[in-house]
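S.K.: okay, sequence plus prediction incoming.
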Number of protein chains: 2
Amino acid sequence: MTNSITCAGSIALDTTRTPFKVAERVLGGAASYFSLSASHFTKVYASSVVGGDFPEEHFGLFESKDIGIKDVQRKPDGKTFFYDSTFSFDFYHRQANRTELNVLGEFEPKLGEKAKKSEFLYLATMPPSKQKDVLRQAVGRKLAFMDTIELYMGEPYRTELLDVLSLVDGAVFNDAEARMLAEDANLIKCGRKIRKMGPKIVIIKKGEHGCLLFYDHHVLPFPACPIEDIADPTGAGDSFAGGFLGALAARNATEPKIEDLKVAIAYANVMGSLAVEDFSVNKLVATNKEEIEKRFKNYCEMLRI
Amino acid sequence: MTNSITCAGSIALDTTRTPFKVAERVLGGAASYFSLSASHFTKVYASSVVGGDFPEEHFGLFESKDIGIKDVQRKPDGKTFFYDSTFSFDFYHRQANRTELNVLGEFEPKLGEKAKKSEFLYLATMPPSKQKDVLRQAVGRKLAFMDTIELYMGEPYRTELLDVLSLVDGAVFNDAEARMLAEDANLIKCGRKIRKMGPKIVIIKKGEHGCLLFYDHHVLPFPACPIEDIADPTGAGDSFAGGFLGALAARNATEPKIEDLKVAIAYANVMGSLAVEDFSVNKLVATNKEEIEKRFKNYCEMLRI
């Protein structure tokens, strides 16, 4: 058992269109953002799948950050998951232009020996049956977190999603997802309801408005780091999750106390704020421990009254 | 010169309809909420106007909280400002059913000798020309804050509004107002733009999502106190402002430093959270220093990482 993190989810090629720039077929996907974010804190093993069109240089990038990619399956005859989207002028809305699941559609996650032993597990958005499969394989896990999307809250996925929820220790959803899952408008009520579905730690992300942390009897609101110039909001949520679990892993907090969770939330906000300052994973790659620590210190100082 | 606060604005009779209860012709108006909130911190002088239908007991209520009401004009032949509104099931939307300005329409604010000498001034929402009139009379003021509504950001009011903005030290707007005034979608850009219009301290309120404080080169986000059961959101913004200026006045912070502003923001969030827990001004009246201090301590503790 080690304090590494295993992350299962998508690796994508994204075409992202903002009012200011278009980035074509750049590295994306939940597992990419999560891994590159968490890699600043601890060893990460990624489990995913890519096609023959996936640029070799991206593998080099992961390896340069010491991210384990042995469980990233390569399907030379297939194509990588592709997502083309356009953000509105104020970044509040995103329109999907094209979603090609490609090799991700038949992804059968298979964890290697090292990945199985990680104490920390992140189940990025996947069909709930795949998440359950990963949970089953991750025999060393002591703290498992999950994400999902609204699609899987309806039938035929809902029953299996509730099953996964009952098996994980934590969930990180955005506000729309939390409302849909809990069927309530008030986010505080939603968080409490989701905790009753299984996960003892629930985080509801609210984008620029920060997040709510539910733990025990606590409901703790935290603001996001203020960002004046957003380049590309893609991946903010998975980078947030990477900072969160990365910080917990670095502290060996397999049974996190409220103090651990607060520190982890601060790092989560830091990593989310870094991710949106450049396109694709560029800023997650370019940043370093010094910049992260500086932003963390500023965040804590800002909230100290 | 004293560290009292003078507040000029509306006193209303509100009929408020929520999915759970209807409260008819209860005490409302910006000056009521502000004064009752700030009265927990310092002496407040209210300047407003009411009609012959205004219940005598409300005067008694203000007096019981040591709020100076000599400058609340009584027009026995007129009727008090009346506002009838309905909240949506999730409290996110409010529909005006009826707005009768009545005596407020011809309100000519006139500050008495004591009110003129207050070092702290709050200009609640009024036509900008009236706000300017109060500014002119408040010769003892050292720190003046203002609020306004979207109506006054358009012509024929806009020029005069910009004039008032250039004369005050601080502004407290909600997100929609800030966006309309600054003509930008990004709230951080809005806050910086509004500071350039005059006020050196700008607060943008975001309801349940807390607020942004702009001061000097700082942009500080603060969450709202999490409230699971809202009874009536009416007056939250003016109660917030009352807690904010009240705390500054209690600290004699006529030239507030960032530390003063953070403490004031914390009390602002506390008073806003109290206000919404009951209808009308009921909770502001029922609460006491002990409850306020407890909530303030919890708020600071919650944000301490």
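M.R.: Looks like it came in fine.

S.K.: so how far is chain B from A:Thr254?
M.R.: Look at A:Thr254 and chain B: by CB to the nearest CB, to the nearest Å, they are 20 Å apart. C-beta coordinates here come from the backbone N, C-alpha and C atoms, glycine included.

S.K.: can you give me the neighbour number for that residue?
M.R.: 16 (other CB atoms under 10 Å in any protein chain shown).

S.K.: let me see the contact set for the closest residue to it other than its chain neighbours.
M.R.: In space, and not counting its chain neighbours, A:Thr254 is closest to A:Lys142: 3.9 Å by CB to CB, 6 or more residues apart in numbering or on different chains. Neighbour list for A:Lys142: A:Met1, A:Glu119, A:Phe120, A:Thr254, A:Glu255 [criterion: CB atoms under 8 Å, 6 or more residues apart in numbering or on different chains].

S.K.: quick one, which of the residues you listed are buried?
M.R.: A:Glu119, A:Phe120, A:Thr254 (16 or more other CB atoms under 10 Å in any protein chain shown).

S.K.: do you know how far the nearest residue to A:Leu151 once chain neighbours are set aside is from B:Val285?
M.R.: Using CB to CB, 6+ apart and skipping the chain neighbours, the partner closest in space to A:Leu151 is A:Tyr157 (7.1 Å). Counting by CB to CB, to the nearest Å, the gap from A:Tyr157 to B:Val285 is 50 Å.

S.K.: likewise A:Val168?
M.R.: For A:Val168, the distance to B:Val285 - CB to CB - is 46 Å.

S.K.: ok, now which ones touch the residue lying closest to A:Phe54 once chain neighbours are set aside?
M.R.: Sequence neighbours aside, A:Thr80 is the residue nearest to A:Phe54 in space, at 4.7 Å (criterion: CB to CB, 6+ apart). Residues near A:Thr80 by CB under 8 Å, 6+ apart: A:Ile11, A:Ala12, A:Leu13, A:Val50, A:Gly51, A:Asp53, A:Phe54, A:Asn102, A:Val103, A:Leu104.

S.K.: what's around the residue in the stretch 1-150 of chain A positioned nearest to chain B, how many residues?
M.R.: Nearest residue of the stretch 1-150 of chain A to chain B: A:Asp90, at 3.4 Å (CB to the nearest CB). The number of residues packed near A:Asp90 is 12, by other CB under 10 Å.

S.K.: ditto for A:Pro19
M.R.: 10.

S.K.: do I have it right that it meets A:Phe87?
M.R.: Yes. The criterion here is CB atoms under 8 Å, and A:Pro19 meets it with A:Phe87 at 7.2 Å.

S.K.: make a markdown table from the contacts of A:Lys142 and add pLDDT to it.
M.R.: Below are the contacts of A:Lys142 laid out as a markdown table (pLDDT from 0 to 100):
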| residue | pLDDT |
| --- | --- |
| A:Met1 | 48 |
| A:Glu119 | 98 |
| A:Phe120 | 98 |
| A:Thr254 | 97 |
| A:Glu255 | 97 |
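
S.K.: make TSV out of the residues you listed and add secondary structure.
M.R.: Shown next, in TSV, are these (DSSP: H, G, I helix; E, B strand; the rest coil):
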residue	secondary structure
A:Met1	coil
A:Glu119	strand
A:Phe120	strand
A:Thr254	coil
A:Glu255	coil
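
S.K.: please identify the helix or strand for A:Thr234.
M.R.: Using DSSP states H and E, A:Thr234 falls within no helix or strand.

S.K.: nearest residue to it in space, please, no chain neighbours.
M.R.: That would be A:Thr16: by CB to CB, 6+ apart, it lies 5.5 Å from A:Thr234.

S.K.: and for the helix or strand that contains that neighbour, what's in contact with it?
M.R.: Per DSSP H and E: A:Thr16 is located in strand A:12-17. Strand A:12-17 has contacts (CB under 8 Å, 6+ apart) with A:22-29, A:32, A:53-54, A:80-87, A:97-98, A:104, A:232, A:234, A:279-280.

S.K.: what mean pLDDT does it have?
M.R.: Strand A:12-17 shows a mean pLDDT of 97.

S.K.: right, and the helix or strand after that strand?
M.R.: Next element after strand A:12-17 (DSSP H and E): strand A:22-28.

S.K.: I'm done for today, thanks for sticking with me.
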